[in-house]
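# my questions concern the predicted model and sequence given below.
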Amino acid sequence: MSPTPKVRVGGLRKAYAGLAAVSGIDFTIAPGEIFGLLGPNGAGKTTTLECLVGLRHPDEGELEICGVDARRHPHEVKQKIGVVLQTTSLQDKITPREALTLFAAFYRQSTPAADLLARFGLVEKADVPVERLSGGQRQRLALALAFVNRPELVFLDEPTTGLDPQSRRELHELILALRRDGHTVLFTTHHLEEAEKLCDRVAIIDRGRIVATGAPRDLVAASREEQSVTIRTSPPLGADVFAALPGLTPVVVDGDTVRFQTKDATATLAALTARLREQRVEIRELTVRKASLEDLFLALTREGEP
Amino acid sequence: MNAVFAHLRISLRLHFRNRMALLYGYLFPVIFLVAFWVLYRHEKVPLLRHMGELLTVAVLGGACFGLPTTLVSERERGVWRRYRLTPVPTWVVVASTALARLFLLVTAGLLQLGLALALGMTWPAHPIALAVAFLFVAFAFIGLGLVIAALADNVPAVQALGQCLFLPMLIIGGVAVPLAALPEWAQHVSAFFPGRYAVEALQAAVNGRGFPGMRFCLLALSLTGVAGLVAGAKLFRWDGQQRFAALRGKAWLLVAIGAWLAVGAVAEWRGRVAIPADLDPARPAPAPVPAPSPSAPPPIASAPVTPIPAPRAATASSPAAVTPNPAPAPVLPVTPAPPWMSITAKDWDGLDYQVPPDHGIVTPMAAPDEEPDEYTKEQVDKVRAKLPTWSPGVDGDDLSCVRNLLYVAAVPDAIQMPVERYLPRVVYQYLLDSYPRENLMKMLTYIALHPLEGPVRDDISELGIEGAAGDPMLVRERAYLYAIKFLARLTGRKSE
């Protein structure tokens, strides 16, 4: 990647009351990339994003956004970025046109409200108070507000959470359009299909650390040699049954269903079925398939769990 | 600057779209105005002596409730968090919100002023001083509003905190209850509340001395305002999730509290806390007084006043020297003739007989055949028996005696005692029995035309009536009203 990255994060740390939320994160985002930050709830995605956009002060680490030191010149960074938070709250009685005009006054450069209203499909609702807009319309307004200042880089924090399928699809279209227009986007999500569909690259984050980075395809390909096994039994099995079996990646027990990955499904299943027969455990369901991003995600983010 | 104006414009637009905000901002000040107008309906010039209180109430309400409610509800919703993602600096949001509030306060103040003028109030004596004082008052209370917004975590907390400041300021802070009517400790407490200085400054502009009378107040208001702005800006929170208790730099709150304490301490040190007998700032002397013609309406507080707090020693203090018989007192050979001698029928005909009705709260007077209850009757009888030997009513010159006797009716009325309806009747009868009719009419007319002459007698405990009104002007006013009421009967304007 020869051009200057739009985001360069190095050794980012942030703790709340002594509890580390983010403990040493590094990544870069190239211009024009759609970058996904994946992770379960509480992994540190939102904290990382809030440090990047200037809502929180990191305890440690380097943040360079659009070539500007974000810790030293947060206001300069804000001139160049657009942000959509999980929820965007505006005054009940403000109209989309008024909100766009107001926000335009906060920046050095701006796009006229009329253009944004047209681009985000809000022309008919331009003069309707926000309190009377639907969830999808509000989300489009939140996006329009993020584009008021013609940003070089856009941050989206779980933008599709809480949207109905129709609005979600519209939003996906919008993000894909951003990619076509050459925008750089960072977004956080816990929807894996969304990340697979939209992102050029993803970083999987768990307990404050990045556990994997790469293009979704590559990450999945890397784990292609692994197979994912799901087994449902009666009575349910404990994790101890699997401890003695060879070549297993972490075992996930969920009620009477157990999921694990193995490089040699035939050998592992032979050993397992022998043991189940000894213990007179009945197999209710058994599936073996190639690993997906979701399996990778689960495997990476469940590691070391009790 | 562009951002300030954009946010100011939107703040105002949104305010005028919010019905509740309009109710708080404009209806409440009007309700207060009407209430004061009804309460003080018998005053000569409607509302003139209460404009300071009314404007202060309007500003205080807007600042204690309106401003912080807007700020806290927007913060709670997350509006500010969204602003925080833009490069807009804190001061832009704070300044434009404060400016919007200032505009709303000014319009509410003008509304009150316009209504008061429509109800018959005279034009303020010092309009420019009034505008300046109003800006200072608004500034001080906007600072207070910012501190409340910083302290309150949510809108109910704004209401609670606001009431904690609003009500004490109204009741013992000299805003809605005249300071002179309060006990001394409350007058000291009021020195630590900015509301008192707000009323004083505004009132000085409406019917007082203007700028010279408001220097200390303006200083006190600017100090509390600056401290509030500094503390409010320093304690400013973007995030509704953030609790005040968890905030760093809470010590900035001490700046705001420190300013109130400092102002109070300086006021105490300069000895401007207790209300001097005739310098009640809540009831300052109306400055513009019509020509002092005897036929002009009696100016309540216009004549130069020599306060004599202690009861004047009677010339012949021995009770033995007093004639026990309530026969007409001998006219003492005074040279030159006492001033009331020159009063003529033209003078009492020129008096204003528009006084509160006999059955009202102000200066009530029982009908001749009205019987008090058992306990009250006992008190009335006691006073009737003691009057002939009551030194202030019999010793000294006739005019002083008549005036002192009027206070026997005025004091219980000012305190609103149960006997207030019956004692005026006793006093009236006693006066009729003691003085030739014409002399009595002349003296009463003279007193009505010179209501501020002579010492106020706010203590009639020797007659068995305990208590004092504490407000010399109030007692003088009531004595004046009774003089008019008695004259109305003596001149046949009122028949019984």
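Looks like it arrived, so ask away.
# show me the shaky parts of chain A.
By pLDDT under 70, the low-scoring segments of chain A are A:1-2, A:222-225, A:246-247, A:249-250, A:291-292, A:299, A:302-306.
# quick one: name the residues of it near chain B.
Taking CB under 8 Å from any CB of the partner chain as the contact definition, chain A meets chain B at A:53-55, A:75-76, A:78-79, A:83, A:85, A:87-91, A:93-94, A:98, A:101-107, A:129, A:145, A:149. (C-beta placed from N, C-alpha, C; glycine too.)
# so which of those are in strands?
Using DSSP state E, the subset of those located in strands is residue A:83.
# in helices, which of the residues of chain A next to chain B appear?
Within the residues of chain A next to chain B, residues falling in helices by DSSP state H are A:53, A:75-76, A:78-79, A:98, A:101-104, A:145.
# residue ranges in chain B under the pLDDT threshold?
In chain B, residues with pLDDT under 70: B:274-336.
# longest helix in it, please.
Secondary structure assigned by DSSP H gives helix B:90-118 as the longest helix of chain B.
# which parts of that helix are buried?
In terms of neighbour count (16 or more other CB atoms under 10 Å in any protein chain shown), helix B:90-118 has its buried residues at B:92-102, B:104-105, B:108-109, B:111-113, B:115-116.
# and the next helix or strand past it?
Next along the chain after helix B:90-118, taking DSSP states H and E as the criterion, comes helix B:127-151.
# show me what counts as buried in that next one.
Neighbour counts over helix B:127-151 (16+ other CB under 10 Å) mark B:129-130, B:132-151 as buried.
# now do stretch B:153-161
Residues B:153, B:155, B:157-159, B:161 are the ones in stretch B:153-161 that count as buried (16+ other CB under 10 Å).
# report the distance from it to the chain centre.
In terms of CA atoms, centre = their mean, to the nearest Å, the centre of stretch B:153-161 is found 30 Å from the chain centre.
# please apply the same query to stretch B:137-155.
When distances are taken as CA atoms, centre = their mean, stretch B:137-155 is centred 26 Å away from the chain's centroid.
# for stretch B:462-475, same thing?
Offset of stretch B:462-475 from its chain centre (CA atoms, centre = their mean): 18 Å.
# follow-up on the earlier one: for PyMOL, what selects the buried ones among the residues of chain A next to chain B?
Those of the residues of chain A next to chain B that count as buried under 16+ other CB under 10 Å are selected in PyMOL with:
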select buried, chain A and resi 53+54+55+78+79+83+85+87+88+89+90+91+93+94+98+101+102+103+104+105+106+107+129+145+149
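# surely residue B:72 touches residue B:151?
No. Using CB atoms under 8 Å, residue B:72 is not in contact with residue B:151; the gap is 9.6 Å.
# and the strands in the stretch 301-450 of chain B?
In the stretch 301-450 of chain B, no strands are defined using DSSP state E, counting those that start in this stretch.
# chain A too?
Using DSSP E, strands in chain A cover A:7-16, A:19-29, A:34-38, A:60-65, A:68-69, A:81-84, A:153-157, A:184-189, A:201-206, A:209-214, A:227-234, A:252-254, A:257-262, A:282-290.
# export those strands as JSON lines, with columns for distance to residue B:171.
Shown next, in JSON lines, are the strands of chain A (distance: least, CB to CB, whole Å):
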{"stretch": "strand A:7-16", "distance to residue B:171": "44"}
{"stretch": "strand A:19-29", "distance to residue B:171": "48"}
{"stretch": "strand A:34-38", "distance to residue B:171": "57"}
{"stretch": "strand A:60-65", "distance to residue B:171": "54"}
{"stretch": "strand A:68-69", "distance to residue B:171": "56"}
{"stretch": "strand A:81-84", "distance to residue B:171": "48"}
{"stretch": "strand A:153-157", "distance to residue B:171": "49"}
{"stretch": "strand A:184-189", "distance to residue B:171": "54"}
{"stretch": "strand A:201-206", "distance to residue B:171": "58"}
{"stretch": "strand A:209-214", "distance to residue B:171": "60"}
{"stretch": "strand A:227-234", "distance to residue B:171": "73"}
{"stretch": "strand A:252-254", "distance to residue B:171": "65"}
{"stretch": "strand A:257-262", "distance to residue B:171": "69"}
{"stretch": "strand A:282-290", "distance to residue B:171": "76"}
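# of those strands, which is nearest residue B:416?
Smallest distance to residue B:416 across the strands of chain A (CB to CB): 61.2 Å, for strand A:7-16.
# which strands and helices sit next to that closest one?
Judged by 3 or more CB pairs under 8 Å, 6 or more residues apart in numbering or on different chains; DSSP states H and E, strand A:7-16 is in contact with strand A:19-29, helix A:45-53, strand A:60-65.
# may I have the second one exported as CSV, CA atoms only?
Which is helix A:45-53. Presented in CSV, the C-alpha positions along helix A:45-53 are these (Å, rounded to 0.1, in the frame of the first residue of the first chain):
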residue,chain,number,x,y,z
LYS,A,45,-15.2,-2.1,18.8
THR,A,46,-17.2,0.9,20.0
THR,A,47,-14.4,2.1,22.3
THR,A,48,-11.9,1.9,19.5
LEU,A,49,-14.3,3.8,17.2
GLU,A,50,-15.0,6.4,19.8
CYS,A,51,-11.3,7.0,20.3
LEU,A,52,-10.9,7.5,16.6
VAL,A,53,-13.7,10.0,16.2
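# which helices and strands does it pack with?
strand A:7-16, strand A:19-29, strand A:34-38, strand A:60-65, strand A:153-157, strand A:184-189.
# hmm, back to that, which neighbours do residue B:72 and residue B:151 share?
Taking CB atoms under 8 Å, 6 or more residues apart in numbering or on different chains as the contact criterion, the common neighbours of residue B:72 and residue B:151 are residue B:157.
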